[in-house]
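**Student:** what follows is a predicted structure for the sequence shown.
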Amino acid sequence: FARAAKGCSVMIHEATFDNNLEDHAIRKRHSTTAEALQVANDANAEHIILTHFSQRYPKAINVDNVELELSKVPIIAFDGMRIRWSNLSASANKLHQVAAV
């Protein structure tokens, strides 16, 4: 997947499970936060937007526990989120505000 997305402007990737739930992610064919960020890094994506598809695990995506050198600050998506292309860089700086909600 990273090879096909190499150099993309925006990568939108699901990150349904925290890293400590890797076994659930594998069983349910979802990604952990670290896996999603690794794919974005491998693809050298200009921007990464992480989404979370689960009502069972409703908490915000946490990137603080990811032991990975991040090349870009991820944007954490939420229901109904809309973002202008021109605001992608500024939105990444709001990471901790979204996580606090």
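**Tutor:** Noted; the coordinates are in hand.

**Student:** quick check: Ala15 touching Ile48?
**Tutor:** No. Contact criterion Cβ atoms under 8 Å: Ala15 and Ile48 do not qualify, at 9.5 Å. Using the backbone N, CA and C atoms, a C-beta is placed for each residue, glycine as well.

**Student:** any common contacting residues for these two?
**Tutor:** Common neighbours of Ala15 and Ile48, counting by Cβ atoms under 8 Å, 6 or more residues apart in numbering, are 36-37.

**Student:** pLDDT weak spots in the chain?
**Tutor:** Counting by pLDDT under 70, the chain contains low-confidence ranges at 53-61, 64-65, 67-71, 93-101.

**Student:** now for the closest residue to Lys72 other than its chain neighbours, how many residues are close by?
**Tutor:** Closest residue to Lys72 apart from its sequence neighbours, by Cβ to Cβ, 6 or more residues apart in numbering: Ile48 at 5.7 Å. When neighbours are counted by other Cβ atoms under 10 Å, Ile48 registers 26.

**Student:** quick one: contacts for Ile48?
**Tutor:** Residues near Ile48 by Cβ under 8 Å, 6+ apart: 10-11, 13, 36-37, 40, 72, 74-75.

**Student:** then Ala15?
**Tutor:** 31-33, 35-37, 50-52, 61.

**Student:** using CSV, lay out these together with neighbour count, distance to Asn44 and secondary structure.
**Tutor:** Supplementary listing: the contacts of Ala15 in CSV, determined by neighbours: other Cβ atoms under 10 Å; distance: Cβ to Cβ, whole Å; DSSP: H, G, I helix; E, B strand; the rest coil:
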residue, neighbour count, distance to Asn44, secondary structure
Ser31, 21, 18, coil
Thr32, 21, 20, strand
Thr33, 27, 19, helix
Glu35, 20, 16, helix
Ala36, 27, 15, helix
Leu37, 27, 13, helix
Leu50, 23, 17, strand
Thr51, 18, 20, strand
His52, 20, 23, coil
Ile61, 23, 21, coil
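
**Student:** closest one to Glu22 out of those, please.
**Tutor:** Among those, Thr32 lies closest to Glu22 (Cβ to Cβ), at 5.4 Å.
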